[in-house]
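>>> Sequence and computational prediction follow.
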Amino acid sequence: MYKVCTASGCDESAILAGLDAAIKDGVDVLSISLDTGSLIFDYDPIAIGTFSAVSRGIVVVCAAGNDGPVVGSVTNDAPWLLTVAASSVDRSFRASVHLSNGKRIDGEALTQVTKSSSSVYPLHYEKERQDCNYNDVDNSVVSGKIVVCDEMGPDVQSKIHHIMGAGAAGVVLSCYEGYTTVLRNFNSSVVQVTPVDGEVLKTSATTSMGATLTYNNALLGVQPSPVVASFSSRGPSPTIGVLKPDILVPGLNILAAWPPNTESGQGPSNIISGTSMATPHISGIAALIKSLHPDWSPAAIKSAILTTVDAINSTGGSILDENHEKATLYATGSSHVSPARAADPGLVYDLDIIDYAGYICWLLGDKGLATIVHNSSLTCPKLAKVKGIQLNYPTIMVPLTSTAFTVNRTVTNVGPETSTYTAKVEAPKSLNIQVTPEKLVFSKAGEKKMFSVSVSRKLGREHKEGSSSRGHIEGSLSWVSRKHVVRSPIAASTLLSP
């Protein structure tokens, strides 16, 4: 572990020094749960420092950021990084609000009361105090009542502490994260509910309805799962041409060991949410693949993780976002990680330093190349410039136009020596995707095969599917053999120019 941040922040010099130390120590995987904002690569210490790491065969895994669900908020989006988004898990610390009319509203409570009271308490809600601020009123206003209010502002913890100290029977906190509630340890009778259920309870409070709180401990197998966490930063990447984030991994309400006597908790365990919690999951998977395949490049390991995902949730449907709407590729990346399949991907999309250098030349020119690469033998006049959309990346982005646009990819056989893969395309009716050739036949391990993907929008169907109205249409290409499915999502975007 390398400490590069203090309570006052993370200095660029400390970040670079930490990365240099890790490289000198010969680490195999770097897990970076921080970001420096959306900086262009030649001004970003993480992008600069990690390029040196990747050039030495180190897999670098980075958090996508916690500024979701804002579109275009993703950080750590350099193509040599493995950028991680956060999802829920199938676990709920269930607590319920039982209304006196017989209706039950399920929420969550990190602090579980071992013996729930069967007493019915009146619900109390004041729009003027929806932010839970009852600090300036007499205790009798909330005493013996269940207070309903919204999670607003950084001092909600102290407000709830005051409410409970005034004799309230409990607090129901309406949270703003949609169906992906970020649990907090309030150390009292507090139930966190979704905004939709919060509105139901506010209305119930105006009718003088009573309620009882019950606690059901941890429940497993909660559906649907996974769901993209509200806070998880979204694409598209401002660098355009490479789909970011790369992968979706558990990062909501993650239970883990915690040091004692810190401002954020007292240990020995804690529950924290963020893409910083998701990042170590992928780092561990990358380390596993590295141990199984020590000769694979960082790009090959990334490809193995991205092309073997679970593209559906636990119900067999599409992965959803925090509002339980179908999540876009800008939220999920390639989709949700599947560790077991990643160890044996069949085919990989590989990249080397020359490829990345050509991309930097296209994006930033010689000055950017000199800043990031630190190799005097590599100059832009000697390199072929590579557009982001033409990088041999395991995910595909293309311009959304009525004229076919073609990208080329090369896959390397890392599965059975003799194998045949057939192209399987999934696309809405508004998108035409052609793959050439439609079959790849391999006769030895390490053999490479190139193919092209041509994508165009079908005229007259632009407004018949919701995704096109959001500036992009999604599809996928899977190479299917008897043993493997190697899947690449395709995003056709109006933000890209041909």
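In hand now; what should we look at?

>>> What backbone torsions are found at Val242?
Dihedral angles of Val242 (phi, psi; degrees, to the nearest 10) stand at phi -130, psi 130.

>>> ok, it - contacts?
By Cβ atoms under 8 Å, 6 or more residues apart in numbering, the contact list for Val242 reads Asp77, Pro79, Gly388, Ile389, Leu391, Tyr393, Thr395, Met397. From N, CA and C alone the C-beta is placed, and that goes for glycine too.

>>> Among those residues, which ones are in strands?
Residues of the contacts of Val242 located in strands (DSSP state E): Met397.

>>> Grab the two from the contacts of Val242 that are most spread out in space.
Largest separation among the contacts of Val242 by Cβ to Cβ: Asp77 and Ile389, giving 14.4 Å.

>>> in the stretch 201-350 of the chain, which spans are strands?
Using DSSP state E, counting those that start in this stretch, the strands of the stretch 201-350 of the chain run over 210-220, 247-250, 254-257, 269-272, 347-348.

>>> Quickly find the element holding the closest residue to Gln434 other than its chain neighbours.
Leaving aside its sequence neighbours, Gln434 sits nearest to Ser454 (Cβ to Cβ, 6 or more residues apart in numbering; 4.5 Å). Assigned by DSSP states H and E, Ser454 belongs to strand 448-457.

>>> what's that strand packed up against?
With contacts taken as 3 or more Cβ pairs under 8 Å, 6 or more residues apart in numbering; DSSP states H and E, strand 448-457 sits against strand 396-399, strand 405-413, strand 431-436, strand 439-442, strand 472-480, strand 485-493.

>>> Serialize the ones you listed to TSV and add fields for mean pLDDT and mean neighbour count.
Supplementary listing: the helices and strands packed on strand 448-457 in TSV, determined by pLDDT from 0 to 100; neighbours: other Cβ atoms under 10 Å:
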stretch	mean pLDDT	mean neighbour count
strand 396-399	96	24
strand 405-413	98	18
strand 431-436	97	18
strand 439-442	98	17
strand 472-480	96	21
strand 485-493	97	23
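
>>> what would those look like in JSON lines with distance to Leu16?
Output for those, formatted as JSON lines (distance: least, Cβ to Cβ, whole Å):
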{"stretch": "strand 396-399", "distance to Leu16": "30"}
{"stretch": "strand 405-413", "distance to Leu16": "33"}
{"stretch": "strand 431-436", "distance to Leu16": "42"}
{"stretch": "strand 439-442", "distance to Leu16": "42"}
{"stretch": "strand 472-480", "distance to Leu16": "35"}
{"stretch": "strand 485-493", "distance to Leu16": "33"}
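
>>> Of all the ones you listed, which one is nearest Asp28?
Of all the helices and strands packed on strand 448-457, strand 405-413 comes closest under Cβ to Cβ, at 20.5 Å.

>>> Show me what whichever helix or strand comes after the closest one is packed against.
Downstream of strand 405-413, the next assigned helix or strand under DSSP H and E is strand 419-426. Applying 3+ Cβ pairs under 8 Å, 6+ apart, we find strand 419-426 packed against strand 431-436, strand 439-442, strand 472-480.

>>> Cys149 is nearest to which of the ones you listed?
With Cβ to Cβ, the closest approach to Cys149 among those belongs to strand 472-480: 38.3 Å.

>>> tell me the contacts of the nearest residue to Gly358 once chain neighbours are set aside?
Nearest residue to Gly358, sequence neighbours excluded (Cβ to Cβ, 6+ apart): Val386, at 3.8 Å. Val386 makes contacts with Asp355, Gly358, Tyr359, Cys361, Trp362, as judged by Cβ under 8 Å, 6+ apart.

>>> can you pull the contacts of the most centrally placed residue in the chain?
The centre of the chain sits closest to Ala85, judged by Cα atoms, centre = their mean, with a distance of 1.3 Å. Residues in contact with Ala85 (Cβ under 8 Å, 6+ apart) are 64, 228-229, 232-233, 245-249, 251, 275, 278, 331-333.

>>> Now Ala286. Nearest residue, chain neighbours left out?
Excluding the flanking residues, the one nearest Ala286 by Cβ to Cβ, 6+ apart is Val59, at 4.5 Å.

>>> ugh, wrong one, Lys3
Gly18 (7.2 Å).

>>> doesn't that neighbour fall inside a strand?
No. Counting by DSSP: H, G, I helix; E, B strand; the rest coil, Gly18 is not part of a strand but helix.

>>> since we're on it, how many residues are nearby?
Using other Cβ atoms under 10 Å, Gly18 is surrounded by 20 other residues.

>>> Likewise for Asn139?
Asn139 has 14 neighbours, counted by other Cβ under 10 Å.

>>> residues touching it, list them.
Contact analysis of Asn139 by Cβ under 8 Å, 6+ apart lists Ala166, Gly167.

>>> mind redoing it with 10 Å?
His162, Ile163, Gly165, Ala166, Gly167, Ala168 (Cβ atoms under 10 Å, 6 or more residues apart in numbering).

>>> Over to Thr307?
Taking Cβ under 10 Å, 6+ apart, we find Thr307 in contact with 334, 341-342, 345-349, 394-395, 411, 478-479, 484-489.
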